[in-house]
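> What shape does this take:
(one chain, ligands or ions: 1)
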Amino acid sequence: MPSMPPEPFRIKMVEPLKKTMRAEREKFLSQAGYNLFQVRAEDVYIDLLTDSGTSAMSNHQWAALMHGDESYAGARSFYHLKNVIDDIFGFRHFVPTHQGRAAENILAGLLVKPGDSIPNNSHFDTTGANIRAAGGNPVDLVISEAHDPELRHPFKGNMDVQKLEQFIQETDVDHIPFGMITVTNNAGGGQPVSMENIKAVAEVYRRHSIPFFIDACRYAENAYFIQQREDGYSDRSIKSIAQEMFSLADGCTMSAKKDGLVNIGGLLCTNDAVLFERIKQALILREGFPTYGGLAGRDLEALAVGLGEAIDAEYLAYRIAQTAYLGDGLRSVGVPIVEPPGGHAVYIDAGAFLPQIPLDEFPGQALAIEIYLQGGIRAVELGSVAFAYVDAHTGVTIHPPLELVRLAIPRRVYTQSHLDFVIETLKEIVARKDLLRGVRIVEQPELLRHFTAEFALI
Ligand SMILES: *Cc1c(COP(=O)(O)O)cnc(C)c1O
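Okay, the predicted model is just below:
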């Protein structure tokens, strides 16, 4: 197996993990209706459900909590955060929000009118849902290479600039209140976007006078990929790459639960003074006063420190190597993954891995269940359970292009030996994968069924 740089930290406080027996896990899972979202976290050994809000904070961040200024207005902690955001992001105005989706909700609520369209490489589910909730239409224009799981492309999150240009030509620009790009492209496998692509997309938006917002959740991981893979950036610092990325846009939304290295928080930034006035009014209504926006003063302090730590080159080298290590390990034991591994997660191609299970018996869910039963590891299905839908006109079920299971890696939480355990678990599953059977849905809600549906084993 390939080597990995040692963790660039040592462990000062530990949180015990509980190992369970397979028979216990069978009981937990049947009580949970075979839905991993319904399993108690303490019954999970290694939790790879998400990298969102699951980061371990540093000693500096924990110390910063004690400096939190809980004043309602104009708190010192706000200005600490503002200094960091002015430096890295450089937008003229910003407000904190309690999560990324709150920033999206405010932006879409203010700018999207029924019938409008918002282009993006791939909208994350909350981004798309907030645009739809305002009557708009989220449009995904990622490059076609992104749909081929075996294809290795250095910037598989890029937007198709020609498709974007064509889309704008065909749509009245009055019905495109803003355009986006998501770095890295979460819905597309955590794949990075090149600076060249961000520049080209910014140029198209600018030429058509369409304000450009970056979904910046994993901007630091994206900047690292640019430094490693794009010509002309190998000598540049992560911060200067991030500054260049943001200088191309008019604003951003961000979930600080990713590259903010905190457990809660979000941001909404803009250069537009008029829009900012409206954002502040909406924020006061829904989140809080503009200098705290739904967060405690201590949260603002932890975020101010976390943003700085997340652009540290040594941290990022370890972080991205960890993801590559898990991807390489899984591939080496015969598990097909989306290539190349992205920034925050490894995606298993469950459709290719379990060809004996038809799509309407949910191979991704079957694999996620088996991974938990075998190793107590929690992954998330991102396939037919999450994304299939019945076409209203034909009554035919439309399956998503890929049937995936995602192993997301929380930041600074698990060590290399935890990842070795994950690889070992999958190796054991490979040995008897032909015996695995599918599942059927027993009960499901109307919307977002993957969170609460109940299943039975076939
Ligand atoms: C997590 C995420 C969001 C939403 O952020 P929350 O903090 O979960 O509300 C938006 N976009 C992307 C790309 C994300 O990964």
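
> Where do the strands of the stretch 101-250 of the chain begin and end?
117-120, 137-140, 179-182, 212-215 (DSSP state E, counting those that start in this stretch).

> For the last one, give me every contacting residue.
To tie it back to what came earlier, the one meant is strand 212-215. Residues outside strand 212-215 that contact it (Cβ atoms under 8 Å, 6 or more residues apart in numbering): 100, 107, 120, 124, 127, 178-183, 198, 201-202, 205-206, 245-246, 248-254. No exception for glycine: its C-beta is placed from N, CA and C like everyone else's.

> taking the strands of the stretch 101-250 of the chain together, which one is wrapped up most tightly?
Highest mean neighbour count among these (mean count of other Cβ atoms under 10 Å): strand 179-182, with a mean of 29.

> what's next to that strand, contact-wise?
Contacts for strand 179-182 (Cβ under 8 Å, 6+ apart): 118-124, 127, 157, 159, 164, 193, 197-198, 201, 205, 210-215, 217.

> now swap in stretch 222-232 and tell me
Under Cβ under 8 Å, 6+ apart, the answer for stretch 222-232 is 154-155, 157, 183-184, 192-196, 233-234, 236, 238, 241-242, 245, 311, 313, 316-317, 319-320, 343.

> Count the neighbours of whichever residue of the chain sits closest to the ligand for me.
Ranking the residues of the chain by distance to the ligand (Cβ to the nearest ligand atom) places G100 first, at 2.5 Å. Burial of G100 is recorded as 27 neighbouring residues (other Cβ atoms under 10 Å).

> same check, this time on A129
17.

> Number the residues from 313 up from this point.
Sure, I'll start numbering at 313, so the last one becomes A441.

> List, one by one, the residues from the stretch 313-462 of the chain near the ligand.
Neighbours of the ligand within the stretch 313-462 of the chain, by Cβ under 6 Å from any ligand atom: S364, Q411, G412, R413, F436, T438, T439.

> Could you tell me which of these belong to helices?
Counted as lying in helices by DSSP state H, out of these, are G412, R413, T438, T439.

> As JSON lines, those with distance to G578 and pLDDT would be great.
Output for these, formatted as JSON lines (distance: Cβ to Cβ, whole Å; pLDDT from 0 to 100):
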{"residue": "G412", "distance to G578": "4", "pLDDT": "97"}
{"residue": "R413", "distance to G578": "7", "pLDDT": "96"}
{"residue": "T438", "distance to G578": "11", "pLDDT": "91"}
{"residue": "T439", "distance to G578": "12", "pLDDT": "94"}
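
> Please produce a PyMOL select command covering the buried subset of these.
A single PyMOL command selects the buried members of those (16 or more other Cβ atoms under 10 Å):
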select buried, resi 412+413+438+439
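
> ok, so of the ones in helices among the residues of the stretch 313-462 of the chain next to the ligand, who is nearest R690?
Proximity of these to R690 (Cβ to Cβ) peaks at T438, which lies at 20.6 Å.

> Isn't the closest one up against R413?
Yes. The pair T438 / R413 is scored as a contact, 4.1 Å apart, by Cβ atoms under 8 Å.

> got the strands of the stretch 413-562 of the chain as a markdown table, with mean pLDDT columns?
As requested, the strands of the stretch 413-562 of the chain are exported to a markdown table (pLDDT from 0 to 100):
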| stretch | mean pLDDT |
| --- | --- |
| strand 429-432 | 98 |
| strand 449-452 | 95 |
| strand 491-494 | 98 |
| strand 524-527 | 98 |
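
> So which residue is dead centre in this structure?
The centre of the chain sits closest to N498, judged by Cα atoms, centre = their mean, with a distance of 4.3 Å.

> Would you map out the domains in the chain?
The record's domain split for the chain, according to automatic domain parsing, is 334-363+625-769, 371-621.

> sec struct for P653, please.
Assigned state for P653: coil (three-state reduction, DSSP: H, G, I helix; E, B strand; the rest coil).

> residues contacting it?
By Cβ under 8 Å, 6+ apart, P653 lies in contact with T635, A636, L638, G639, D640.

> thinking again about what came up before, among the strands of the stretch 413-562 of the chain, which is nearest H705?
When the strands of the stretch 413-562 of the chain are compared (using Cβ to Cβ), the closest one is strand 449-452, at 17.8 Å.

> shaky segments in this protein?
For the chain, the stretches flagged by pLDDT under 70 are 313-314.

> For the helix ranked longest in it, buried residues please.
The residue-count maximum for a helix in the chain (DSSP H) belongs to helix 625-644. Going by neighbour count (16+ other Cβ under 10 Å), the buried part of helix 625-644 is 627-628, 630-643.

> Narrow the contacts of strand 524-527 to just the buried residues.
In these, burial by neighbour count holds for 412, 419, 432, 436, 439, 490-495, 510, 513-514, 517, 557-558, 560-566, counting by 16+ other Cβ under 10 Å.
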